[in-house]
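>>> Okay, here's the prediction I keep looking at, along with the sequence it came from:
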Amino acid sequence: MVLTVVSPVEAASATAPGPHSFVADAVRNVAPAVVRIDTERVVERQPFDPNLIDPLLRDLLGEPGYGPERQRGQGSGVIIDRDGLVLTNAHVVEQVENVGVTLADGEQRDGVVVGRDPITDLALVRLKGEAPPKPARLGDSDALDVGDWAIALGTPYGLERTVTLGIVSSLHRNISSLGFNDKRLDLIQTDAAINPGNSGGPLVNAEGRVIGINTLVRSGPGAGLGFAIPINLARRVADQLQLAGEVVHPYLGLQLVPLTARIAREHNSDPNALVELPERSGALVQSVLPDSPAQRAGLRRGDLVVKAGEVTVSDPQTLLQQVDQAELHQPLPLQIIRGQKDLQLSVEPEPLPGFS
């Protein structure tokens, strides 16, 4: 055992109060606006075979068969304005009957769901009662750089007022690569610990400004990475939810796959290939949905989209971003390659059906 002798002067300086870290200052700025969200929903109980259940458990499970069952859930949220609007994840308040909100000081309020958007996994909840605490300040997610500080706040595993620290480890992470093909998200990746219950809570920068809304964590191999919805997108969605209770997403009716120069070279080296692909990046049309804006515009399977408006399309995500920002029923110019020809088409995005 090695003993270290500390002089009285050193001991005094080590215990003397000093300036807070930037993390403590950032947390102090945003913590009053971070809330816990408790939900209750009614689901149908799944049937079971009583012959396969230990007799000691049958009384706990009840009679076999279907029946309503109440489930409780928990998540996080952040107050974003003085009218008591709380931004959270859509999956936190999906099909709920009751929403309870616990403020940072422990006060409990009822909440009402203003609107949900499953496509971006964002939702807006309004607090009932008196004026809420000071709302969080929102940052600019477009100004982020890889390596910037990232601080996550929320209620993981029911543990309120939990703070974790990390960095922005990647930007523009394509959510389809994480297995969520029904979402339109371009995520912030962070190594700040995010766990169940953090969903809907804020990811903030070193100044305590919200830069993202925590939404999911990678489990299994590669665990330890969390993902957040950029706050600039969340702000636009929240504005639409506040005004209309829903978000209308433009769509073309295309199923797309990425095309890279490497894939094109491999395809062209195949003697059984039906067409030669250009050695350039883009969004390759895998299929065109019937009676869709894309079909009416003349797009076909095998077309390679290389430009949308004034933006070069390097992959499907780039095209989807341009479609999301396009105006409904207004022409969106597309440059495509069909075989050996360059073509200019114009498509008019329509509202995405089935998600109102």
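On my side now, so go ahead.
>>> what about the strands in the stretch 251-356 of the chain?
Counting by DSSP state E, counting those that start in this stretch, one finds strands in the stretch 251-356 of the chain at the ranges 254-259, 282-288, 304-308, 311-312, 332-338, 341-347, 350-351.
>>> With respect to residue 247, which of those strands lies nearest?
With C-beta to C-beta, the closest approach to residue 247 among the strands of the stretch 251-356 of the chain belongs to strand 350-351: 10.0 Å. C-beta: built from backbone N, CA, C; applies to glycine.
>>> So this structure: which segments form each domain?
Following automatic domain parsing, one gets these domains for the chain: 28-127, 141-244, 250-351.
>>> can you redo those as JSON lines with mean neighbour count?
Supplementary listing: those in JSON lines, determined by neighbours: other C-beta atoms under 10 Å:
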{"stretch": "domain 28-127", "mean neighbour count": "17"}
{"stretch": "domain 141-244", "mean neighbour count": "19"}
{"stretch": "domain 250-351", "mean neighbour count": "16"}
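>>> Could you list everything the residue most central in space within the chain pairs with in the sheet?
When the chain is reduced to its mean C-alpha position, the nearest residue by C-alpha atoms, centre = their mean turns out to be residue 229, at 3.9 Å. Judged by DSSP bridges, the bridge partners of residue 229 are residue 213.
>>> Return the distance of it relative to residue 76.
According to C-beta to C-beta, to the nearest Å, residue 229 stands 13 Å off from residue 76.
>>> can you check residue 128 too?
From residue 128 over to residue 76 (counting by C-beta to C-beta), the distance is 19 Å.
>>> Residue 312 now?
Applying C-beta to C-beta, one obtains 38 Å for the distance of residue 312 from residue 76.
>>> from memory residue 155 sits against residue 201, does it?
Yes - under the criterion of C-beta atoms under 8 Å, residue 155 lies in contact with residue 201, with a separation of 7.2 Å.
>>> Can you check which residues contact both of the two?
Residues touching both residue 155 and residue 201 (C-beta atoms under 8 Å, 6 or more residues apart in numbering): 75-76.
>>> Which helix or strand contains residue 23?
Taking DSSP states H and E as the definition, one finds residue 23 inside helix 22-30.
>>> gap between that helix and the chain center?
Centre-to-centre, helix 22-30 and its host chain are 23 Å apart (C-alpha atoms, centre = their mean, to the nearest Å).
>>> Report all helices and strands that that helix contacts.
Helix 22-30 makes packing contacts with strand 149-154, strand 162-174, strand 202-204 when contacts are defined by 3 or more C-beta pairs under 8 Å, 6 or more residues apart in numbering; DSSP states H and E.
>>> Ends of stretch 320-340, what's the gap?
One end of stretch 320-340 to the other measures 25 Å (C-alpha to C-alpha, to the nearest Å).
>>> how distant is that stretch from the center of its chain?
24 Å.
>>> Where does pLDDT dip in the protein?
Counting by pLDDT under 70, the ranges of the chain that qualify are 1-19, 44-68, 175-184, 219-223, 260-280, 354-356.
>>> which residues of it fall in helices?
Counting by DSSP state H, the chain has these helices, from start to end: 8-15, 22-30, 55-61, 231-244, 261-268, 293-297, 316-324.
>>> hmm, back to that, any chance of the helices and strands packed on helix 22-30 in a markdown table, plus distance to residue 281?
Output for these, formatted as a markdown table (distance: least, C-beta to C-beta, whole Å):
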| stretch | distance to residue 281 |
| --- | --- |
| strand 149-154 | 29 |
| strand 162-174 | 14 |
| strand 202-204 | 30 |
